[in-house]
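**Student:** sharing a model that was predicted from the sequence below.
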Amino acid sequence: LLLGPDRLAALDPTFGVSARLVGDFAAFREPPNLEDHFLLVPSLPLDHARVTAGISQWLLVPRDRVSVDGRECNKVGVSYEGFTTQPSRCEAQVGSCLNNQPLDLALEDEERQRAGTVPRYFVSGRGDFQLHYATGDNGTATSSSANYQAQLRAFQSAQGTSGAPHLAYAVSHVQASLLMLTFVADNMSYSINTAPGRIVSVNSTEFEALSGNGRLTVV
């Protein structure tokens, strides 16, 4: 039986077993919280090196470094309006208001990678991410460079639909979940095995109270 966040219950009629995912226990280390980030995906032209490179060139940019309305200078998304309404634009240097664009952030991270440090914006700097997309048999597959262009077209055309590809994060730590299993009990039997026992001896070493260093031997 296969369970997950997108499939909370499953049934095997052959063996009369049903399973339900109740929830997850808190992990020792939580996955990265990306609610305050934008995912930037190079998309055009399709044969550009940064597009065909796939997920290795995808960026996760903090929300405060993106201008949603395009009116803020030196942020991703700055528009013509933001450029023309900047203060003292006639005296400003060439290229003013247009810094910190996606290409600038990518070049910064490439420099960090060459220096052997962790990227700040590339998704690889946040963990092991993969692009999962829908297949014809209602399953999922993982992105590869050979078919990335076709996957990107599907990604662009399927936004907002149930079949839209999604970014998957691989968790490296142990995650405990609570499951509820229900069995058909017609052919089941319940038995308890018991046996008599007797304590022969008990020995304890000397230790200080509440030290946690004591040892008790029971036979």
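**Tutor:** Cool, got the structure. Residues are numbered from 1 along each chain as shown.
**Student:** worst-scoring helix or strand of the protein, pLDDT-wise?
**Tutor:** Between all helices and strands in the chain, the lowest mean by mean pLDDT, DSSP states H and E belongs to strand 140-142, at a mean of 48.
**Student:** so Leu179 lies in a helix, does it not?
**Tutor:** No. In this structure, Leu179 is strand, not part of a helix, as judged by DSSP: H, G, I helix; E, B strand; the rest coil.
**Student:** distance of it relative to Arg20?
**Tutor:** The gap separating Leu179 from Arg20 is 7 Å, by Cβ to Cβ, to the nearest Å. Yep, even glycine has a C-beta here, placed from its N, CA and C like the rest.
**Student:** what touches both of those two?
**Tutor:** Here Leu179 and Arg20 have Leu3 as joint contacts, going by Cβ atoms under 8 Å, 6 or more residues apart in numbering.
**Student:** how many other residues sit next to the residue nearest to Arg71 when sequence neighbours are not counted?
**Tutor:** Spatial nearest neighbour of Arg71, excluding adjacent residues (Cβ to Cβ, 6 or more residues apart in numbering): Gly82 at 4.6 Å. Gly82 is flanked by 19 other residues according to other Cβ atoms under 10 Å.
**Student:** one more: Leu40?
**Tutor:** Neighbour number of Leu40 under other Cβ under 10 Å is 19.
**Student:** what's near enough to touch it?
**Tutor:** Leu40 neighbours (Cβ under 8 Å, 6+ apart): Trp58, Leu59, Leu60, Val61, Val76, Pro102.
**Student:** now tabulate the residues you listed in JSON lines and tack on secondary structure and distance to Asp128.
**Tutor:** Supplementary listing: the contacts of Leu40 in JSON lines, determined by DSSP: H, G, I helix; E, B strand; the rest coil; distance: Cβ to Cβ, whole Å:
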{"residue": "Trp58", "secondary structure": "coil", "distance to Asp128": "13"}
{"residue": "Leu59", "secondary structure": "strand", "distance to Asp128": "16"}
{"residue": "Leu60", "secondary structure": "strand", "distance to Asp128": "13"}
{"residue": "Val61", "secondary structure": "strand", "distance to Asp128": "19"}
{"residue": "Val76", "secondary structure": "strand", "distance to Asp128": "25"}
{"residue": "Pro102", "secondary structure": "helix", "distance to Asp128": "22"}
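**Student:** pull the most distant pair out of those residues.
**Tutor:** Distance extremes for the contacts of Leu40: the farthest pair is Trp58 and Val76 at 13.5 Å, using Cβ to Cβ.
**Student:** so which of the contacts of Leu40 comes closest to Leu167?
**Tutor:** Distances from Leu167 to those, taken by Cβ to Cβ, are shortest for Trp58, at 8.0 Å.
**Student:** could I get the full set of strands for the chain?
**Tutor:** Secondary structure of the chain, counting by DSSP state E: strands at 9-12, 17-24, 37-40, 59-62, 128-134, 140-142, 166-170, 177-183, 202-204, 216-218.
**Student:** save those strands as a markdown table, and put in distance to Arg71 too.
**Tutor:** Listed next are the strands of the chain as a markdown table, based on distance: least, Cβ to Cβ, whole Å:
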| stretch | distance to Arg71 |
| --- | --- |
| strand 9-12 | 48 |
| strand 17-24 | 41 |
| strand 37-40 | 17 |
| strand 59-62 | 17 |
| strand 128-134 | 31 |
| strand 140-142 | 39 |
| strand 166-170 | 29 |
| strand 177-183 | 45 |
| strand 202-204 | 75 |
| strand 216-218 | 72 |
